[in-house]
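S.K.: Quick one: sequence plus predicted model below, questions after.
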Amino acid sequence: MTGTIVKAINVHKKFAGREVLRGVDLEVRNGEVLCILGPSGSGKSTLLRCLNHLESVDDGVVWIDGQIIGYVLRDGTLKELPARKVRRQQREIGMVFQHFNLFPHMTALENVIEGPVTVRKEPRASAIARAEKLLASVGLAERRDAYPAQLSGGQKQRVAIARALAMNPKVMLFDEPTSALDPELVGEVLDVMRELAASGTTMIVVTHEIGFAREVADRVAVMVDGEIREMGPPAEVLANPTDARVRSFLARVLA
Amino acid sequence: MALEAAAGSQRVEVEALRQRSYKIVRLRHPGRWLAGAVVLALLALLVQAFAHGQIQWKLVGQFLTADVILRGFGITLLISALAMLLGLSLGTTFAIMRLSANPVTRFVAWLYVWIFRGTPVLLQLLVWFNIALVFPRIIIPGVFEGRTVDIVTPFIAALLGLGINEGAYMTEVVRGGINSVDHGQTEAANTLGMSRFQTLRRIILPQAMRLIVPVLGNSAIGMLKTSSLAAAISCTEMLNAAQQVYFVNGAVIELLFVCAIWYLAATTVLSIGQYFIEKRYGKGTSQARSRSSFKLPFGLGSAGTPALEKAQ
Ligand SMILES: Nc1ncnc2c1ncn2[C@@H]1O[C@H](COP(=O)(O)OP(=O)(O)OP(=O)(O)O)[C@@H](O)[C@H]1O
Ligand SMILES: [Mg+2]
């Protein structure tokens, strides 16, 4: 179970001619937790969105568990996959958004079963049974019939995590899952993520929570200007960064 | 001192406040009462004028429930309902086409809206009515063949004209509704692996409804009235029926008033329905209520709903 599950090679991404990712290389092993830190605008969200093909890469490849994401390799060239096949790949990759993006017209439970029932055609009864367990595991068993508008930010984010987990993803991507939360609600979401990590879920987490990264991450990557400048065990990277820009960034956030 | 001047009121020392409870006398509005009285007086004059004018009110009463009129009213309601349905389906289809990634599809949808929103409905009705001049026969090879005049009856022409025209407006309404849904919803659906169609049906359209449904009420009221244009292409809806009667008996105004009463009755019922639907769907988009404590029930008599402008 320690094989590579996510690998990104030389990923480039441009927006309107401006290079936002300039050749990112990444490798994540099964069950590993990687935290990505970096200043605002350094391309962290864009990198995550390239991993699950919410954005297409301009150069390089993203490989997840035996498949090239968004493309098929034939005779040395990458051919774009039809939307239907991309969706099939995307459902194996869970994503948790900064602003939750829960479906507001569905209850917590309906949010969680939406993927299994609509996409994977799982029988409703079994989807509900699993969803109830998932909601219980994020501490929201009794809120199953609440609509997102009736939930606190922390509760919404925990439902969003349950919704992503309901698809049994091979890897979970988190894009600043606690940044939109009131400070007193951050803890409950981080607790859920801590448990997930302990259960062996592969996680790539973009976060500003240095404490969480130090404690939970197997490795930490620091992005600056569309590149990963530093990557390694948190103790090393956070304590003795070699890159000057990384050092000044960490000095600012650790202060 | 500045505060006192700005407030323009008498200065009260804090020691003057001795009681725990005061009787409060509300501000009177003599101006409002006066204006109300003037308007009522003018209204009374108007009513009196009509009551003593050259109108045979008895005829109005008689024809209100005459068979021809009731049958015409039935056709008015039927045409309006069917044209709304056609408009809504066309609107949804073309709105989705307008948001498609395919430039050809987008262009066709744009063209549809451009043509049918840019020309008068009456003209469109006349074109459908006379379509046989362009296509004398309708032929679907191996399935169907017939003379156009037999198929495109005045009723069908009215239905096509009104429905297709409504569809052009509905396209913009539905498009506005779809665009109002946060893009994060689509992204969340994508990460669950939902197809474009599933995303639209399960996630986007249900949320777009919040914006679309309140507008439907206005459209339905508009449609009910616009359907009277079908009288011009000899479709025997209510106004046409009334015309046929007054060409014979000469009671022009009486029969027009009969129609007016039925239109008012129908639009009133729709307004009441719209009031309840808006209360359910239009949270935050319904108009600011007048602050007066005099309120007609169901929002009648309030200013027009701004929902339509918002959606367009
Ligand atoms: N869809 C887009 N179109 C144009 N520019 C974009 C788009 N998405 C991101 N960018 C730009 O790319 C750069 C990197 O953005 P990204 O969101 O990846 O940064 P980030 O590291 O996640 O920052 P933050 O910490 O603020 O979330 C930014 O300068 C941003 O303005
Ligand atoms: Mg970001």
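M.R.: Yes, it's here. Ligands and ions are numbered 1, 2, ... in the order given.
S.K.: Regarding chain A, what is its longest helix?
M.R.: The residue-count maximum for a helix in chain A (DSSP state H) belongs to helix A:183-198.
S.K.: May I see the buried residues of it?
M.R.: A:185-186, A:188-190, A:192-193, A:196-197 (16 or more other CB atoms under 10 Å in any protein chain shown). Any C-beta I mention is one placed from the backbone N, CA and C, and that applies to glycine too.
S.K.: can you check stretch A:29-45 too?
M.R.: Using 16+ other CB under 10 Å as the burial criterion, the residues of stretch A:29-45 that qualify are A:29-39, A:42-45.
S.K.: Please report how far A:Pro177 lies from B:Ala157.
M.R.: 59 Å (CB to CB, to the nearest Å).
S.K.: returning to that earlier point: how about the buried residues of stretch A:29-45, which pair is most distant?
M.R.: A:Asn30 and A:Pro39 (29.9 Å; CB to CB).
S.K.: what distance separates the longest helix of chain A from the centre of its chain?
M.R.: Distance of helix A:183-198 from the chain centroid (CA atoms, centre = their mean, to the nearest Å) equals 14 Å.
S.K.: Over to stretch A:137-156?
M.R.: With CA atoms, centre = their mean, you get 21 Å for stretch A:137-156.
S.K.: residue in the stretch 151-300 of chain B nearest to chain A?
M.R.: Going by CB to the nearest CB, chain A is nearest to B:Gly193 of the stretch 151-300 of chain B, at 2.7 Å.
S.K.: All the strands of the stretch 101-250 of chain B, in order from the start?
M.R.: B:137-140, B:144-147 (DSSP state E, counting those that start in this stretch).
S.K.: Output those in TSV; the columns should cover distance to B:Lys23 and mean pLDDT.
M.R.: What follows is those, written out as TSV (distance: least, CB to CB, whole Å; pLDDT from 0 to 100):
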stretch	distance to B:Lys23	mean pLDDT
strand B:137-140	80	88
strand B:144-147	82	87
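S.K.: do you know how far the residue nearest to the spatial centre of chain A is from B:Leu77?
M.R.: For chain A, the residue nearest the mean C-alpha position is A:Leu173 (1.0 Å; CA atoms, centre = their mean). For A:Leu173, the distance to B:Leu77 equals 54 Å [CB to CB].
S.K.: again, but for B:Glu145
M.R.: Counting by CB to CB, the gap from B:Glu145 to B:Leu77 is 33 Å.
S.K.: Between these two, tell me which one has more neighbours.
M.R.: B:Leu77 (16 against 10; other CB atoms under 10 Å in any protein chain shown).
S.K.: Give me the nearest residue to residue 228, chain neighbours excluded.
M.R.: All of this is about chain A. Nearest residue to A:Ile228, sequence neighbours excluded (CB to CB, 6 or more residues apart in numbering or on different chains): A:Ala221, at 4.9 Å.
S.K.: my bad, chain B
M.R.: B:Leu239 (4.3 Å).
S.K.: Looking at the buried residues of stretch A:29-45, which one is closest to chain B?
M.R.: Scanning the buried residues of stretch A:29-45 for proximity to chain B, where the rule is CB to the nearest CB, the winner is A:Ser45, at 11.3 Å.
S.K.: The closest one and A:Leu173 touch, don't they?
M.R.: No: counting by CB atoms under 8 Å, A:Leu173 is not a contact partner of A:Ser45; they are 10.0 Å apart.
S.K.: check contacts around residue 138.
M.R.: Here I'm looking at chain A. Counting by CB atoms under 8 Å, 6 or more residues apart in numbering or on different chains, A:Val138 touches A:158-159, A:161-162, A:192.
S.K.: oops, I was thinking of chain B
M.R.: Contacts of B:Ile138 (CB under 8 Å, 6+ apart): B:144-148, B:151.
S.K.: What's the separation between it and A:Glu209?
M.R.: In terms of CB to CB, B:Ile138 sits 69 Å off from A:Glu209.
S.K.: By neighbour count, which of the contacts of B:Ile138 wins?
M.R.: B:Thr148 (16 neighbours).
S.K.: confidence score at that residue?
M.R.: In this prediction, B:Thr148 carries a pLDDT score of 88.
S.K.: Quick one: name the residues of the stretch 101-250 of chain A near chain B.
M.R.: A:101-105, A:114-115, A:118-120, A:163-164, A:167 (CB under 8 Å from any CB of the partner chain).
S.K.: One more pass at 10 Å, please.
M.R.: Within the stretch 101-250 of chain A, the positions near chain B by CB under 10 Å from any CB of the partner chain are A:101-106, A:111, A:114-120, A:160, A:163-164, A:166-167, A:169, A:173.
S.K.: burial count for the closest residue to chain B within chain A?
M.R.: Closest residue of chain A to chain B, CB to the nearest CB: A:Arg91 (2.7 Å). Residue crowding around A:Arg91 was assessed by other CB under 10 Å; the count is 21.
S.K.: Ok, the one 3 residues further on next?
M.R.: Summarising burial for A:Gly94: neighbours were counted as other CB under 10 Å, giving 27.
S.K.: which regions of chain B sit below the pLDDT cut-off?
M.R.: B:1-8, B:281-312 (pLDDT under 70).
S.K.: Check it for the residue nearest ligand 1 and tell me.
M.R.: Closest to ligand 1 within chain B is B:His183: 10.0 Å, counting by CB to the nearest ligand atom.
S.K.: What about chain A, which residue is the most distant from its middle?
M.R.: Distance to centre of chain A, CA atoms, centre = their mean, peaks at A:Asp75 (31.6 Å).
S.K.: hey, which helix is longest across chain B?
M.R.: Max-length helix for chain B by DSSP H is helix B:67-98.
S.K.: who's in contact with A:Leu81?
M.R.: The contact partners of A:Leu81, taken as CB atoms under 10 Å, 6 or more residues apart in numbering or on different chains, are A:53, A:67-72, A:87-89.
S.K.: a strand runs through A:Thr242, doesn't it?
M.R.: No: applying DSSP: H, G, I helix; E, B strand; the rest coil, one finds A:Thr242 to be coil, outside a strand.
S.K.: any idea how far it is from ligand 1?
M.R.: According to CB to the nearest ligand atom, to the nearest Å, A:Thr242 and ligand 1 sit 21 Å apart.
S.K.: Quick check, pLDDT for that residue.
M.R.: We have a pLDDT of 90 for A:Thr242.
S.K.: Excluding chain neighbours, what is closest to the residue in the stretch 51-200 of chain A positioned nearest to ligand 1?
M.R.: Residue nearest to ligand 1 within the stretch 51-200 of chain A: A:Glu176 (6.1 Å; CB to the nearest ligand atom). In space, and not counting its chain neighbours, A:Glu176 is closest to A:Gln98: 4.4 Å by CB to CB, 6+ apart.
S.K.: again, but for A:Leu109
M.R.: Excluding its sequence neighbours, the residue lying closest to A:Leu109 (CB to CB, 6+ apart) is A:Arg144, at 4.2 Å.
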